[in-house]
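The following block contains a protein sequence and its predicted model.
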There are 2 protein chains.
Amino acid sequence: MDLKRMGNQTVVFANPPIILSSYSVVGPKEGQGPLGKTFDHIWKDGLDGEKSWEVAESKMLQEAMQGAINQAQVPPDQIDFMLAGDLLDQIISSSFAARQMALPFIGLYGACSTMALSMAVGSMLIDGGFARHVLAGVSSHHDTAERQFRAPTEQGTQRAMSAQWTVTGAGGVLLGGSGTGPRITAVTIGRVVDYAEKDAGNMGSAMAPAVADTILNHFNDLQRQAADYDLIVSGDLGAVGLALAAEVLKQSGLDMGTRFTDCGIMIFDASQDVHAGASGCGCSSVVFAGDIMQRIKAGELKRVLLVGSGALHSPTSSLQGESIPGIGHAVVIEA
Amino acid sequence: MDLKRMGNQTVVFANPPIILSSYSVVGPKEGQGPLGKTFDHIWKDGLDGEKSWEVAESKMLQEAMQGAINQAQVPPDQIDFMLAGDLLDQIISSSFAARQMALPFIGLYGACSTMALSMAVGSMLIDGGFARHVLAGVSSHHDTAERQFRAPTEQGTQRAMSAQWTVTGAGGVLLGGSGTGPRITAVTIGRVVDYAEKDAGNMGSAMAPAVADTILNHFNDLQRQAADYDLIVSGDLGAVGLALAAEVLKQSGLDMGTRFTDCGIMIFDASQDVHAGASGCGCSSVVFAGDIMQRIKAGELKRVLLVGSGALHSPTSSLQGESIPGIGHAVVIEA
């Protein structure tokens, strides 16, 4: 069999997997943002009747996964794998959602890059002939993430201007080997890149070099340039990180222009006081499952490069003085 | 293309990937156990000159990964993916090891099942035509795991008789699409199974039903029985969990006999005071990379079923009163 690869890091599919459906669930703040109308379900509060934010987050992921299944109208016994991840220790949101879904489960961890990672790995499982359908999804929750990574939200700690606001949201997509919908034509799995940023209140800076590295390698591998895409969207660098990534790329000779933006910038507007933008696995998953999928289906976007970006630190590693390793995974979606 | 599947959960490879090499690194207690002579490198203590156990664990994983590469003598630019996971929050052992390896990195989380999971996913990436070589490995460390999941080891907390001792160890394997060595012929990705066990001091019981579920599905999918394998080895149920899994299987009509054992029972002997046996991602990885691989290569074992078992809880979920979801992933290795 021929190797389905080009260049150093990029996989090109023989039979590009299809995104049969996508479903997004968000919290109220996200619902009030500029993309509010693009989401499938907006919760009235962050608990939705559950006794803890962690239980609520897992329920939200489950809802997004089930929503994607329902929308595609694929019987669960034709879904061969569930791929999921989240930000919580031991990815409990995903594991507890997988307990309810009762599908063969592959747990992934790529921090905020996990939506792109799950779509990339899921596409390989389908194109490789190992699955008819793969359910992929991720979640994050503002209050579970803040108390785990930084400070409990009840404490009202002042946030740095470079900090990003973790999105309360979950997105799910159902990928298939046949059917109609946008196709995933290529993926570039990233390497860990670390420029020694240690500030957990400035994760955009920590992730920016990894996103730039993956974009550069993706372009080199496929002999493409920015103009070959209608939209190149990272998820999630925020304003500080996006500017840095654009600067690193510019110094490497790549002018990304206005087609380069970030899910963490798109989901909130200036009035929502989120400082450098948004973050969290949920952010790129709901922006992709909502706004981007709708614009692809409407014919507005023909070819999109989604670059998931992850900060692979833990509170323990930061307290021990380690810097924050970043990673970027890229997925090409075509109408 | 034909779907490479049999039954509900099992993937059967068209061109079974080859285990080109395996490398194991362990701590002193593991080195003193009955399998001591099968490990590639035994550390004199759990720090190996590093300033924290966490840094040491990541270094150990890196050593195991590099050891597998060196043994196979494959140039790093021919390794297309690194798959790794561990027990620490945000899998920092793996991410920091991936930072050093500089390979395209897919982070996995399956608790103690992660070695089997990484071999399963890695095999699909090779058989699917997406990689020439995949480096797969996992780690665990007694002192990092105890303080994260239970109590700091300095505290000297008394352990329950049903508790398992987290292994300090890391194992790495290099998988390839061509070359010589044992082959991975089929894999069964497990579903999450939860029988409502809540005791984090009795994780063998929490995982046993998931292991039984995966073995039953594997046998049904391939129309096989226990006698079709020379060794069926879970990793890691310990003595309590193995007895329970055998009992669940017996009630389902499957007598596993003496060929069913557990990596968590093999690695320590009764004199080492580990109570119900061993656990941790590192346990099944070093037992597989050492003892089992050596017995396969010596011709003693022709067909082995490795069933990685994971307890997918977190300290947060346990403190919130949740039970412990279990999972089992099975990998068939043939001489």
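Arrived safely, thanks for sending.

Just list the residues touching A:Cys283, thanks.
A:112, A:140, A:166-167, A:169, A:235-236, A:263-264, A:267 (Cβ atoms under 8 Å, 6 or more residues apart in numbering or on different chains). For the C-beta atoms, the positions are set from N, CA and C on the backbone; glycine is no exception.

Let me know the closest of those residues to A:Ala276.
Of all these, A:Gly264 has the smallest distance to A:Ala276: 7.8 Å, by Cβ to Cβ.

The closest one: what's its closest spatial neighbour, skipping adjacent residues?
Closest residue in space to A:Gly264, ignoring its immediate chain neighbours: A:Asp236 at 3.2 Å, by Cβ to Cβ, 6 or more residues apart in numbering or on different chains.

Next up, phi/psi of the one you found, please.
Backbone torsions for A:Asp236, taken as degrees, to the nearest 10, come to phi -140, psi 120.

do A:Thr144 as well
According to degrees, to the nearest 10, A:Thr144 has phi -70, psi -40.

Now do the contacts for the nearest residue to it once chain neighbours are set aside.
Spatial nearest neighbour of A:Thr144, chain neighbours left out: A:Trp53 (4.6 Å); criterion: Cβ to Cβ, 6+ apart. By Cβ under 8 Å, 6+ apart, the contact set of A:Trp53 is A:46-47, A:141, A:143-144.

pLDDT on stretch A:157-166, on average?
The average pLDDT within stretch A:157-166 is 93.

Give me the buried positions along that stretch.
Going by neighbour count (16 or more other Cβ atoms under 10 Å in any protein chain shown), the buried part of stretch A:157-166 is A:159, A:162-166.

Helices along chain A, start to end?
Using DSSP state H, the helices of chain A run over A:28-31, A:53-72, A:92-101, A:114-127, A:142-149, A:203-222, A:238-251, A:263-266, A:281-287, A:293-297, A:315-319.

where does chain A have low pLDDT?
Along chain A, the parts satisfying pLDDT under 70 run over A:1.

Now it against chain B: closest residue?
Nearest residue of chain A to chain B (Cβ to the nearest Cβ) works out as A:Gly128 at 2.3 Å.

ok so, going back, of the helices of chain A, which stretch is the most buried?
Highest mean neighbour count of those: helix A:281-287, a mean of 37 (counted as mean count of other Cβ atoms under 10 Å in any protein chain shown).

just checking, A:Gly282 touches A:Gly137?
No: under the criterion of Cβ atoms under 8 Å, A:Gly282 is not in contact with A:Gly137, lying 9.7 Å apart.

what touches both of those two?
In contact with both A:Gly282 and A:Gly137: A:170-171, using Cβ under 8 Å, 6+ apart.

Can you tell me how far A:Gln78 is from B:Val193?
Taking Cβ to Cβ, to the nearest Å as the measure, A:Gln78 falls 21 Å from B:Val193.

before we move on, what about A:Asp199?
Going from A:Asp199 to B:Val193 by Cβ to Cβ gives 41 Å.

Neighbour count for those two, which is higher?
For A:Asp199 versus B:Val193, the count of surrounding residues by other Cβ atoms under 10 Å in any protein chain shown is larger for B:Val193: 20 against 14.

nearest residue to the more buried one other than its sequence neighbours?
Spatial nearest neighbour of B:Val193, chain neighbours left out: B:Ala210 (4.0 Å); criterion: Cβ to Cβ, 6+ apart.

Which residues are in contact with that neighbour?
B:190-193, B:309-310, B:325-328.

could you redo the last one with a cut-off of 7 Å?
By Cβ atoms under 7 Å, 6 or more residues apart in numbering or on different chains, the contact list for B:Ala210 reads B:190, B:193, B:309, B:326-328.

Could you do A:Gly46 as well?
A:27, A:53, A:56, A:141-143, A:168.
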